[in-house]
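# Curious how this folds, go ahead:
(one chain, ligands or ions: 1)
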Amino acid sequence: MTPLDLTPDELLTTTRSVRKRLDLTRPVPLELVEDCVRVALQAPTGSNRQSWHWMVVTDARQRASIGGYYRRAVREYLRSEGTCASLFPEDPARHAVQRRVGDSVAHLGEHMAEVPVHVIPCLDANDAPEYNEAGKWGSIIQAAWSYMLAARARRLGTAWTTLHLMYEKEIAELLGLPDGIVQAALIPTAFSLGTRFRHAARQPLERVLHVDTW
Ligand SMILES: Cc1cc2nc3c(=O)[nH]c(=O)nc-3n(C[C@H](O)[C@H](O)[C@H](O)COP(=O)(O)O)c2cc1C
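Next up is the predicted model:
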């Protein structure tokens, strides 16, 4: 498989949450996922502990169970106050983007079970200092984002999702995770339908950049 010819900045600025453009019919070779995880293992971890574990779920029945929990969580979330689709009502342009995000989230909610590979980056929280949440999550989230970048370079689409954590305990039990292993995300992984993705419209730099004083 020839990797996509992207500059570092192109890779970083076009790795989008892929939900509607996941190819649910094309199998993903396990070796490709392993290659992405191998890249991810180059990410930094606090004290170089490398207390990560990577659950890669390909079994259709396991995916159906996880997908069922995910669907319930998404439906609950989209009914709740403060859902992504309801944000920024005062700004029509921004609100329209949020509504599209909500629609896309709903779509993945209905189809998670059909996504050929579910990747759940985990951390052994037994090793993590309790007083330092940033130190704990920083030791898995950076690696998981590297996984998503490596996947994009290999023509795979992914999305960072966390709503399954409403049922974290149930999913941990389903997958046989030992006590103290926490889940950072659920990353659906499939070939993307097409490989061109755009920059996202973000809030301008000036609004968030502070030089020397706030
Ligand atoms: C902490 C976090 C949690 C997220 N949880 C979900 C989720 O559960 N489901 C989902 O479809 N997207 C989820 N997203 C994806 C965001 O909706 C997405 O990153 C955002 O809309 C920007 O779109 P983009 O990633 O395509 O640039 C999450 C992203 C982050 C960073």
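# Could you pull up the residues touching residue 75?
Residues in contact with residue 75, defined by C-beta atoms under 8 Å, 6 or more residues apart in numbering, are residue 109. C-beta coordinates here come from the backbone N, C-alpha and C atoms, glycine included.
# What values do phi and psi take at it?
Summarising the backbone geometry of residue 75 under the convention degrees, to the nearest 10, its torsions are phi -60, psi -40.
# What count of nearby residues applies to the nearest residue to residue 165 once chain neighbours are set aside?
Setting aside the residues directly before and after it, residue 165 is nearest to residue 183 in space (C-beta to C-beta, 6 or more residues apart in numbering), at 6.5 Å. Each residue near residue 183 was counted by other C-beta atoms under 10 Å, and the total is 20.
# What residues does residue 183 make contact with?
Residue 183 is in contact with 55, 120, 121, 122, 164, 165, 168, 171, 172, 177, counting by C-beta under 8 Å, 6+ apart.
# Residues in a beta bridge with it, which ones?
Residues in a beta bridge with residue 183, per DSSP bridges, are residue 122.
# Return the member of the contacts of residue 183 nearest to the ligand.
residue 164 (7.2 Å; C-beta to the nearest ligand atom).
# tell me the SS of that closest one?
Secondary structure state of residue 164, per DSSP: H, G, I helix; E, B strand; the rest coil, is helix.
# Turn the contacts of residue 183 into a markdown table, including neighbour count and pLDDT.
Formatted as a markdown table, the entries for the contacts of residue 183 read as follows, by neighbours: other C-beta atoms under 10 Å; pLDDT from 0 to 100:
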| residue | neighbour count | pLDDT |
| --- | --- | --- |
| 55 | 19 | 98 |
| 120 | 23 | 98 |
| 121 | 24 | 98 |
| 122 | 21 | 98 |
| 164 | 23 | 98 |
| 165 | 16 | 98 |
| 168 | 16 | 98 |
| 171 | 23 | 98 |
| 172 | 18 | 98 |
| 177 | 18 | 98 |
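# Please identify the residues of the chain in proximity to the ligand?
With the criterion set to C-beta under 6 Å from any ligand atom, the chain comes near the ligand through 16-17, 19, 84, 101, 105, 108, 159-163, 200.
# try 8 Å
For the chain, the contact set with the ligand under C-beta under 8 Å from any ligand atom comprises 15-19, 73-74, 77, 84, 101, 104-105, 108-109, 159-164, 185-186, 200.
# contacting residues around the residue lying closest to residue 117 once chain neighbours are set aside?
Counting by C-beta to C-beta, 6+ apart, residue 189 is the residue found nearest to residue 117 once chain neighbours are left out, at 4.2 Å. Listed by C-beta under 8 Å, 6+ apart, the contact set of residue 189 reads 28, 33, 36, 115, 116, 117, 118, 119, 151, 156, 157, 158.
# Can you give me the distance of residue 189 to residue 156?
As for residue 189, its distance to residue 156 is 6 Å (criterion: C-beta to C-beta, to the nearest Å).
# For those two, list the residues in contact with both.
With C-beta under 8 Å, 6+ apart as the test, residue 189 and residue 156 both reach 28, 36.
# Sounds good, over and out.
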